[in-house]
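>>> sequence plus the predicted model coming up.
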Amino acid sequence: MERLEAKDQERRESELAELCSLEEKFPSAEQWKTNYRAHAKWEHYVSCDGSPDPTVLQEINTFMSLWREDQNENIQFVMEKGKEVLNLIEKLQFLLLDTPPNEITEKETVQYQETILDLQNLLHQKYNGATEHLLKTDNMSEDSDSGNMQLVVKDKNVTLCIWANLKKNIRFKNHVFREVQHGFDLPKSLAVNSVAVRIFHSHYDHVSPLWLQCQYVPKLKILDSKEVTVDLKENVEEAEEEEEKAKEEPSAPTEEELYSNGIKSASSFKESTNNIADINEKTEEENEKKSEILDILSQVQIPVMQEETSEKEEVIIDENIVDLRQFIPVGGVYHIDVLQLPPRAKEIKNWSMVEVLDGGLETYPYPPESEETEDAAHPPIGITLRLPDNDVIYFEDPVVARWDPAGQQWRTDGISNIIYETEQGKVIFEMDTFYTIALLQDAHLNMPYQAWELRPSGTDELLLIVTTAFAEVQIQVKDHQCMLSTVMVEEKDVLSHLTGKWMTPVHLTVVLKKAGINIFPGEYSHKYVCVNKKAPLAEFRAYQQMALVASAFAFSWSKWNLESGEEQVVLKLPASASICCSLPEVSGCCTASLRHSLSSQKSPCFSNKARKDEERDWF
């Protein structure tokens, strides 16, 4: 028995050393990410492509000032310039999402957020100027039947629909833009006035609060990889010292030593015993101490998170206010406006004369604000919107909401008689005045997952498969990038415009959310989804160990995880899991790491059914 104990102790020491060498990769990976961000900044600097660096305040202010002074209001020019602005906004958003808190100051965060808002406002002002320019000068878009102007201009970022009531004929109070199938039905009072209707569909959302656009997966406040590695090294050194003392003084350990060793990792368990009963008793004591530590950590970590989130929470009493933690806008934003028709250009002896108004583009008040018509009934405006065909997926009928600028929130009041035509992909509704409209979807439709699986496919490469109630999402991961492989909905491959493109994990998260596929929990998701609560430290350790060996072993979900309690994380490791031949120098370390991570928790638990299926569920 003593020989077996010595042999087992030797195995544990070698595996722990391998585990320490593997976990040193975590700080190396963090350093690599830091260097990568610095290299990207340098690449932008040496490229000299003319675009400003959005993080440099002087450069971005110069860029915005020059565009404000530019009098070119041609719609095509504005669209091209808008692509550059959207790219700058995207860079700042990803920078806020992807940069660790220790690498960005609070001052820089505020600066980037203010820059984002300034760029968004400038872009919208330019589209207003382009709309006014079209209403004044466009003479080629008059409809031969009605005599009114109708125009549709679009690209991948925006769709601009303009209708001008030039003839003021009450028979033509409704209109459908054939190219995009958006339409409206005006009240008679508007049909006889000099008004224009604009449906400006921005495929991006620059209306919702900035915190919603920069929301990412929450991070638990637990030991980072550097601290974990340091702790492991200290455990190894302490274990070696204790072993030397044990050889010199082979006396039985005291109660204090047993207690101090019980709260350390399993590898520091060095004391020799005389029989099997002592070994079992010591193992049980050690596991009990581990359970106590996990309990303490779970009690400490989770209340801290709840305290922080409770400070940000706002109590929503009005049922008409949309909870943006539960619903998110999908498919962009529809700016629906009725405008005062500006004076049109006149041709006089080969000269084009246009009256310039100081106020710029003005909205037409509806309902009228005069006292005489205060108590009069004002018919609602009918609106028809065609849902995006290929770019966005709505798993359920979306919530139609309007933007309230005063309260800075989305609301559902003021909108009535909503009709969904699922086969035609249309939503029809009425509103009491002209609003900015968004179609919102439950952010947690695809949570919790029905199943998940990690399949290794090569060196630092794997395939993540997430199966939800509505879709199956396959994501390929290689090095530091991700690629959407397929999205299957009702046995149909959708979102083909997003597949086959390598991007950062943050970028993939954002584009999938915009497309209506949200499989990424947010800071408040636990309030809207039935969560299988786990001890944070156990969960974090499991993620770390899986990350180390995921390119060599396959992992998948286990039904026993729901029944295992908070202290245990159960996952499935197929017995036939293939070890990549391209990792000969790593596979041994991965095996040791996996064995050590399992032995440091509870013992492996095999179910009878799992044995028959040739798959193993591990605690």
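Yep, it's here. Numbers count the residues shown, from 1 in each chain.
>>> name the nearest residue to Gln409, sequence neighbours excluded.
The shortest distance from Gln409 to any residue that is not its chain neighbour, by C-beta to C-beta, 6 or more residues apart in numbering, is 5.5 Å, and that residue is Ile321. Heads up, the C-betas are built off the backbone N, CA and C, glycines and all.
>>> so what's that neighbour scoring on pLDDT?
Note on Ile321: pLDDT of 94.
>>> what's the answer for Ile75, then?
Value listed for Ile75 in the pLDDT field: 94.
>>> repeat for the one 5 residues further on
Among the per-residue scores, Glu80 holds a pLDDT of 95.
>>> from the chain's centroid, how far away is stretch 490-507?
14 Å (C-alpha atoms, centre = their mean, to the nearest Å).
>>> one step back: tell me, how many residues neighbour the residue nearest to Gln409?
Per other C-beta atoms under 10 Å, the neighbour tally for Ile321 reads 17.
>>> from Leu463, how far off is it?
Here the distance between Ile321 and Leu463 works out to 41 Å (C-beta to C-beta, to the nearest Å).
>>> and the strand ranked longest in the chain, what other elements does it pack with?
What stands out as the longest strand in the chain, according to DSSP state E, is strand 327-340. Counting by 3 or more C-beta pairs under 8 Å, 6 or more residues apart in numbering; DSSP states H and E, the packing neighbours recorded for strand 327-340 are strand 195-202, strand 399-404, strand 436-442.
>>> could you pull up the mean pLDDT of that strand?
For strand 327-340, mean pLDDT is 94.
>>> what are the buried residues along stretch 129-139?
Taking 16 or more other C-beta atoms under 10 Å as the neighbour-count basis, stretch 129-139 is seen to contain the buried residues Gly129, Ala130, Thr131, Glu132, His133, Leu134, Leu135, Lys136, Asp138.
>>> out of those, who's nearest Phe172?
Checking the buried residues of stretch 129-139 against Phe172 with C-beta to C-beta, the nearest one is Leu135 at 17.1 Å.
>>> doesn't the closest one fall inside a helix?
Yes: Leu135 forms part of a helix when assessed by DSSP: H, G, I helix; E, B strand; the rest coil.
>>> distance of it relative to His335?
Leu135 sits 15 Å away from His335, taking C-beta to C-beta as the criterion.
>>> next one: Asp413
Between Asp413 and His335 the distance is 19 Å, computed by C-beta to C-beta.
>>> which one of the two has more residues nearby?
Comparing Asp413 with His335 by other C-beta under 10 Å, the one with more neighbours is His335, at 22 against 13.
>>> quick one: residues contacting that one.
Contacts for His335 (C-beta atoms under 8 Å, 6 or more residues apart in numbering) come out as Arg198, Ile199, Phe200, His201, Ser202, Thr436.
>>> now do the helix or strand hosting Glu15: which elements does it pack against?
When elements are defined using DSSP states H and E, Glu15 is found to belong to helix 2-23. Packing partners of helix 2-23 (3+ C-beta pairs under 8 Å, 6+ apart): helix 225-248, helix 536-549, helix 584-599.
>>> confidence-wise, which of these is weakest overall?
Ranked by mean pLDDT, the helices and strands packed on helix 2-23 bottom out at helix 584-599, which scores a mean of 36.
>>> so what's Ile419 closest to, chain neighbours aside?
Spatial nearest neighbour of Ile419, excluding adjacent residues (C-beta to C-beta, 6+ apart): Ile428 at 4.4 Å.
>>> shouldn't that neighbour be in contact with Ile418?
Yes: Ile428 is within contact range of Ile418, at 7.4 Å (criterion: C-beta atoms under 8 Å).
>>> neighbour-wise, which of the two wins?
With neighbours defined as other C-beta under 10 Å, Ile428 and Ile418 compare such that Ile428 has more, 17 against 14.
>>> can you list the strands that the helix or strand where the more buried one lies pairs with?
With secondary structure defined by DSSP H and E, Ile428 is part of strand 426-431. Sheet pairing here is set by DSSP bridges, and for strand 426-431 it gives strand 381-386 (antiparallel), strand 415-421 (antiparallel).
>>> return the most buried member of those strands.
Across the strands paired with strand 426-431, the average number of neighbours (mean count of other C-beta atoms under 10 Å) peaks for strand 381-386, which reaches a mean of 20.
>>> between that one and strand 399-404, how many degrees?
Orientation check (axes from the mean of the first three to the mean of the last three C-alpha atoms, to 10 degrees): strand 381-386 against strand 399-404 gives 120 degrees.
>>> can you list contacts of strand 381-386?
Contacts to strand 381-386, defined as C-beta under 8 Å, 6+ apart, come from residues 174, 176, 180-187, 334, 336, 366, 425-434, 437, 439.
>>> low-confidence ranges, the stretch 251-400 of the chain, go.
Per-residue confidence of the stretch 251-400 of the chain (counting by pLDDT under 70) places the weak regions at 251-316, 370-376.
>>> all helices for it, in order.
Counting by DSSP state H, counting those that start in this stretch, the stretch 251-400 of the chain forms helices over residues 255-262, 276-312, given from the N-terminal end onward.
>>> tell me the one among the contacts of His335 nearest to Met1.
Closest approach to Met1 among those (C-beta to C-beta): Ser202, at 74.1 Å.
>>> which ones are touching the closest one?
Shown here is Ser202, whose contacts under the criterion C-beta under 8 Å, 6+ apart are Asn157, Val158, Gly332, Val333, His335.
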